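> With the input below, show me the fold.
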Amino acid sequence: METKKWILSFGVIWTILFSGLSFYWAMGGMFGVRSLGGAIYEMALNPVPSFVKIVWITGFIKLLGVVWLLLLLIKWRNSRIQTTLYFITKICGLLLFLYGLFNFITISLSKIGVLNFDLDRYATFWRLVFWEPYWMLGGIFYFLSIKKTN
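Predicted structure coming up:
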């Protein structure tokens, strides 16, 4: 396995920024929340304690991605560990990318009237221009951070 350290570094930065937003929002910050739209935005306006806990938990879950990516830098003697890290990293990268892509497609379909979502124009714009591409970019960083060598 070969670790692409510069791509992995971008993945770590991407993950820290992503989790940092969750922590900021969990502490009551509102910058950027409106861009999420829908029920999440509504819940953020008058958050109940359980919602705040969920936002904190998602921040910590996202931070696990940093730990995961840093595990790729270790030269494991056990080939099973390395193979497991390789496949899980590839799968996570693919899932992050597909999540963003499918959201991008469904929000686009909503924009042209094929689907009906509870997103205002502002949230739709930011989801299509920033959030969904951000998910896809993270997936690319994870997916390309390691490659198999023969």
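> State the helix or strand in which the spatially most central residue of the chain lies.
In the chain, the centroid-proximal residue (CA atoms, centre = their mean) is W135; its distance is 4.8 Å. Using DSSP states H and E, W135 maps to helix 132-144.
> Which strands and helices lie in contact with that helix?
If you count contacts as 3 or more CB pairs under 8 Å, 6 or more residues apart in numbering; DSSP states H and E, helix 132-144 packs onto helix 5-26, helix 79-111. Where you see a C-beta, it was placed from the backbone N, CA and C, and this is true even at glycine.
> Out of the ones you listed, which one sits most buried?
Stretch with highest mean neighbour count among the helices and strands packed on helix 132-144: helix 5-26 (a mean of 17; mean count of other CB atoms under 10 Å).
> Just the CA trace of the helix or strand following it, in CSV.
Counting by DSSP H and E, the next helix or strand C-terminal to helix 5-26 is helix 38-45. Taking Å, rounded to 0.1, in the frame of the first residue of the first chain, the C-alpha atoms of helix 38-45 are listed here in CSV:
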residue,chain,number,x,y,z
GLY,A,38,-35.1,22.4,5.7
ALA,A,39,-35.7,20.8,9.0
ILE,A,40,-32.1,21.1,10.1
TYR,A,41,-32.2,24.9,9.8
GLU,A,42,-35.6,25.0,11.6
MET,A,43,-34.3,22.9,14.5
ALA,A,44,-31.2,25.1,14.7
LEU,A,45,-33.3,28.2,15.3
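> And the contacts of the lowest-mean-pLDDT helix or strand in the chain?
One helix or strand of the chain scores below all others by mean pLDDT, DSSP states H and E: strand 2-3, with a mean of 78. By CB atoms under 8 Å, 6 or more residues apart in numbering, the surrounding residues in contact with strand 2-3 are 72-73, 145-149.
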